[in-house]
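Participant: build me a model:
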Amino acid sequence: MNRDTRNHALPRQKISTTVRSNIIGRLIRTAFGLGGWLAPETTAARAGRLFATPLAATRRAAGQPLPADGCRVDVDADGHSVVAYVWGEPARQPYVLFSHGWSSHGLRIDSWLPALTAAGYAVVGFDQFAHGRSPGRQTTLPGFRDHLLAVGRRFGPAAAVIGHSLGGAATMLALEAGLRADRVVLVAPAADPIDASRRFAGMIGLAAHVCRRMRAQFESRLGIRFEDMQAHTVVPHLAQPALVVHDLRDREVPWSEGERYARFWPHARLLTTDGLGHRRILDDPEVIRAGVDFIEGRTVGDRIVSTQDLPYGFA
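Facilitator: Residues are numbered from 1 along each chain as shown. So this is what the prediction gives:
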């Protein structure tokens, strides 16, 4: 194949992949739509399994070499091991604990390492169950919370915890359950598992009544209500200072969910970006600088206030 032929083949390959993805998507939506009508309980269970299964890409992405000077540590969590990554000496230095998002992995903290280590912090990240190098096939938000708690117990009180996406929601729930950290940085945090389930249902063509069945099945199995994991229910009881960073054009977790954290958390501030989306925001140098400044005690972002006279505003 000559060079010109290869250059023309690439667009055709991309088009073919897009067409195949669209066809698969339509088949999935049709199957769940019909299943919700013919066998709603079984379809809800099938949707729940899909909802709790991370993308396989998380395994491949976590296969990258550890950034310089990092080491791997296995941490016991509920009778099985999760894989943690450590830079520095958390037993002797103040350390920052990182909680990654859905279908992600603990090495996503690598962009923060130079700034954090230069400021004198050790860093601990880890792969949630069913993510990265950790075992398992399925997990849930309560599972994220419990494994974050286990890593926190293993390394002791943290100077700060950084949570991205669903890892932000897990951070909130872990703090409520006793995770010890002086300060909190949440980047594009998910605030509402009910809305997340609705977005998932819309993506796969699941009817609203079947989505409700799916949530009820999770609640019965896990012993926790989705309403009890919503940010506006939990964060009013949290005392740590928090910085919430969210992008206006986030297509995966709406900016309004980050704003909800900042509005209801008593000691939270909000830093809004525009154009970074859901994933690039975690690696942005200005966001990293702001996050490290906040961890070190400097004022960053805006204080969101809410009163009867001023429902949404800045102070």
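Participant: give me the element residue 217 is part of.
Facilitator: Counting by DSSP states H and E, the secondary-structure element that holds residue 217 is helix 208-222.
Participant: neighbouring contacts of that helix?
Facilitator: Residues outside helix 208-222 that contact it (C-beta atoms under 8 Å, 6 or more residues apart in numbering): 32, 35-36, 40-41, 43-45, 47-48, 51, 140, 142, 194, 197-198, 200-201, 206, 225-226. For glycine as for every other residue, the C-beta is placed from the backbone atoms N, C-alpha and C.
Participant: what residues of whatever helix or strand comes next after it count as buried?
Facilitator: Note on helix 208-222: by DSSP H and E, the next helix or strand toward the C-terminus is helix 231-234. Neighbour-count burial for helix 231-234 flags 231, 234 (criterion: 16 or more other C-beta atoms under 10 Å).
Participant: just to revisit the earlier point, could I get the CA-only coordinates of the helix holding residue 217 as PDB?
Facilitator: Output for helix 208-222, consisting of C-alpha atoms alone and laid out as PDB, is shown next (Å, rounded to 0.1, in the frame of the first residue of the first chain):
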ATOM      1  CA  ALA A 208     -38.300   5.600  33.100                       C
ATOM      2  CA  HIS A 209     -40.300   3.000  34.900                       C
ATOM      3  CA  VAL A 210     -37.600   0.300  34.300                       C
ATOM      4  CA  CYS A 211     -34.900   2.700  35.400                       C
ATOM      5  CA  ARG A 212     -36.800   3.100  38.700                       C
ATOM      6  CA  ARG A 213     -36.900  -0.700  39.000                       C
ATOM      7  CA  MET A 214     -33.100  -0.800  38.400                       C
ATOM      8  CA  ARG A 215     -32.600   1.700  41.200                       C
ATOM      9  CA  ALA A 216     -34.900  -0.200  43.500                       C
ATOM     10  CA  GLN A 217     -32.900  -3.400  42.900                       C
ATOM     11  CA  PHE A 218     -29.700  -1.700  43.800                       C
ATOM     12  CA  GLU A 219     -31.200  -0.200  46.900                       C
ATOM     13  CA  SER A 220     -32.500  -3.600  48.000                       C
ATOM     14  CA  ARG A 221     -29.100  -5.300  47.400                       C
ATOM     15  CA  LEU A 222     -26.900  -2.600  48.800                       C
END
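Participant: mind listing what residue 232 touches?
Facilitator: Listed by C-beta under 8 Å, 6+ apart, the contact partners of residue 232 are 191, 260, 263-264.
Participant: most surrounded residue in those?
Facilitator: Each of the contacts of residue 232 was scored for neighbours by other C-beta atoms under 10 Å, and residue 191 scores highest at 27 neighbours.
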